[in-house]
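1. Mind folding the following:
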Amino acid sequence: MKLKNSYATKADFKKWFRQEIRADLDFRFKDAFRQFEHRWQQIIDPILKEIENHREKEIIMYHQYDRMQDLLFKIAKKVGVKTEE
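-> Take a look at the predicted model:
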């Protein structure tokens, strides 16, 4: 705390005290938000990973189903069964 003169006035003390509290609260809020963000990411990351795995499996299953359907249409043509493609 820097003073303009050699005596600290009541206003100087109030100003200094408010600055110290403001700095302390800013630090605590930033730290609390950082902890919340970290915990939220820890909770949501496995869920997002599971969604990604499910979508990949869904795409693989779609392509497998598509290939199987094409194979069945070829077999049906060889046998002589009419199909709608």
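
2. Low-confidence ranges, this protein, go.
-> Counting by pLDDT under 70, the ranges of the chain that qualify are 1-7, 85.

3. Which of the helices or strands spans Phe13?
-> Following DSSP states H and E, the helix or strand that holds Phe13 is helix 10-79.

4. typo on my end, it should be Glu84
-> Under the criterion DSSP H and E, no helix or strand holds Glu84.

5. Who are the contact partners of it?
-> Glu84 sits next to no residue when contact means Cβ atoms under 8 Å, 6 or more residues apart in numbering. No exception for glycine: its C-beta is placed from N, CA and C like everyone else's.

6. go with 10 Å
-> By Cβ atoms under 10 Å, 6 or more residues apart in numbering, the contact set of Glu84 is Phe73.

7. From Leu72, how far out is it?
-> According to Cβ to Cβ, to the nearest Å, Glu84 stands 12 Å off from Leu72.

8. Likewise for Trp40?
-> As judged by Cβ to Cβ, Trp40 and Leu72 stand 47 Å apart.

9. swap in His63?
-> 15 Å.

10. do Asp26 as well
-> From Asp26 over to Leu72 the distance is 67 Å, taken as Cβ to Cβ.
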